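# Build the 3D model from these lines:
(one chain, ligands or ions: 1)
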Amino acid sequence: MTTTLVVLDTTERLRRGDRELLVLARSLGEAHAALPAAPGDGLLDELAGHGVAAVHVPAAGPGDRLTTPAVALAAAAARAGGARTVLLPNTPEAKDVAARLGVRLEAGVITDAVGLDTDLVATKSVLAGGWTTRCRATSPVLVATVRPNSVELPAELPTELPAGADRPAVHVHEVEDTVPAARVVGRTELPASGRPALGEARVVVAGGRGTGGDFGPLEELADVLGGAIGASRAAVDAGWIGPEAQVGQTGRTVSPQLYVSCGISGAVQQRAGMQTARVIVAVNKDEQAPVLEIADLGIVGDLKKVLPQAVEHLRSLRG
Ligand SMILES: Cc1cc2nc3c(=O)[nH]c(=O)nc-3n(C[C@H](O)[C@H](O)[C@H](O)COP(=O)(O)OP(=O)(O)OC[C@H]3O[C@@H](n4cnc5c(N)ncnc54)[C@H](O)[C@@H]3O)c2cc1C
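The predicted structure is shown next:
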């Protein structure tokens, strides 16, 4: 049975994106996980529930160094476990780890995957989302970063140790990390919005110049749907919303189940960040807007009228 190593950056609970990687790893064979520090029993139980056979941790925590500790650990864990595939999230930090890990393991690296089949053929959305391609590494080891919301999760998600199951074996690695690295000199917490993180949200409601700067109706819709708020660059440049909300070529890439585009024309740079959404709903008052070419459902109308109606309808459906 081949082994797949999943590189996670949590030591507490699994997030949805972590679970997707673990489900994908199990579909390929035996799953191992690399964690930045020793996990608590709760996390070990969750990992056991996902069928993880072994957990790899460093003898010393990551300290204030960026990237290189994770690379050193993942390389040691991949070698020790004989991993054929290493899976990581699709975050900028994890892509940085993936690139360096590819060098260390002499592995082919595939980023932005939206699927990976049992023959290790990855599906990618490329050229600003205009093409879907399939590719495969010719090296013995594959390192891949996978976009969130690419893997269907089972309806029942294990959160505790299944009856009769053992906790995964924990392997501690003395990793030598002598490579020069950037150091963390300070941290600023983003204010909590109560909404899911944009990169992992299953629903994204995004606004552009057409909002005129009023994101209130979008926030109401996002809250009814349990979604995150995104934005076009025009909205960010206008100062209506922070840059962390920007979706597109120079912003975040999102791949939610549902992307509701509101008052966004659908320029190619915006599409680059959202075209792999499973369902795209666009609200635009211009029936010629390019976004309507890629929308599964297009609503031609003023978002200030359409969105409150949608919110009212959704609320009435939920009683
Ligand atoms: C190098 C580069 C990188 C870029 N990166 C990004 C990026 O990462 N993300 C990004 O988004 N853009 C990016 N852009 C900018 C991109 O080209 C567009 O300029 C931008 O996406 C336009 O934003 P918008 O659709 O909100 O605004 P507009 O293009 O002005 O569109 C506004 C839309 O709102 C509609 N509208 C107006 N009023 C209403 C209303 N009341 N109700 C409903 N609809 C209404 C209009 O019909 C129109 O379609 C980049 C550009 C460059 C050159």
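# just the strands in the stretch 151-300 of the chain please.
For the stretch 151-300 of the chain, strands defined by DSSP state E, counting those that start in this stretch occupy the ranges 169-173, 203-207, 228-231, 258-262, 279-284, 297-300.
# For the ligand, which of the ones you listed is the nearest?
Of all the strands of the stretch 151-300 of the chain, strand 279-284 sits nearest to the ligand, with 4.3 Å by CB to the nearest ligand atom. Where you see a C-beta, it was placed from the backbone N, CA and C, and this is true even at glycine.
# pLDDT on that closest one, on average?
Taken as a whole, strand 279-284 has a mean pLDDT of 97.
# could the strands of the stretch 151-300 of the chain go into a markdown table alongside mean neighbour count and distance to the ligand?
Below are the strands of the stretch 151-300 of the chain laid out as a markdown table (neighbours: other CB atoms under 10 Å; distance: least, CB to the nearest ligand atom, whole Å):
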| stretch | mean neighbour count | distance to the ligand |
| --- | --- | --- |
| strand 169-173 | 14 | 38 |
| strand 203-207 | 30 | 8 |
| strand 228-231 | 28 | 7 |
| strand 258-262 | 27 | 7 |
| strand 279-284 | 22 | 4 |
| strand 297-300 | 16 | 9 |
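# hey, what's T133 bridged with?
Going by DSSP bridges, T133 is paired in beta bridges with K124.
# Can you give me the neighbour number for it?
10 (other CB atoms under 10 Å).
# One more: E152?
9.
# still on that earlier bit, looking at the strands of the stretch 151-300 of the chain, which is closest to R134?
The closest of the strands of the stretch 151-300 of the chain to R134 is strand 279-284. By CB to CB, the value is 22.1 Å.
# partners of the closest one, with directions?
In the sheet, strand 279-284 lines up with strand 258-262 (parallel), strand 297-300 (parallel) (DSSP bridges).
# Dump those to a markdown table, plus mean pLDDT.
Output for those, formatted as a markdown table (pLDDT from 0 to 100):
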| stretch | mean pLDDT |
| --- | --- |
| strand 258-262 | 98 |
| strand 297-300 | 98 |
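# can you tell which of the ones you listed is closest to S27?
Nearest of these (CB to CB): strand 258-262, 24.3 Å.
# Specify the angle between the closest one and strand 203-207 in degrees.
Put simply, strand 258-262 runs at 10 degrees to strand 203-207, going by axes from the mean of the first three to the mean of the last three CA atoms, to 10 degrees.
# Please list the residues outside stretch 180-200 that contact it.
Contacts with stretch 180-200, where a contact means CB atoms under 8 Å, 6 or more residues apart in numbering, come from 15-17, 64-69, 90-91, 148-149, 201-202, 204, 222-223, 226-230, 244-245, 247, 252-254.
# Try it again at 6 Å.
R16, G17, D64, R65, L66, T68, P148, A228, G230, R252 (CB atoms under 6 Å, 6 or more residues apart in numbering).
# In contact with the fifth one, which residues are there?
It stands for L66. L66 is in contact with A181, A182, counting by CB under 6 Å, 6+ apart.
# Low-confidence bits of the protein, can you list those?
128-129, 158-159, 177 (pLDDT under 70).
# Please list the residues of it that sit near the ligand.
With CB under 6 Å from any ligand atom as the criterion, the chain meets the ligand at residues 208-210, 232-235, 246, 248-251, 263-265, 267, 269-270, 273, 283-286, 289, 302-304.
# Throw the strands of the stretch 151-300 of the chain into JSON lines and include distance to A122, thanks.
Listed next are the strands of the stretch 151-300 of the chain as JSON lines, based on distance: least, CB to CB, whole Å:
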{"stretch": "strand 169-173", "distance to A122": "27"}
{"stretch": "strand 203-207", "distance to A122": "23"}
{"stretch": "strand 228-231", "distance to A122": "25"}
{"stretch": "strand 258-262", "distance to A122": "22"}
{"stretch": "strand 279-284", "distance to A122": "23"}
{"stretch": "strand 297-300", "distance to A122": "29"}
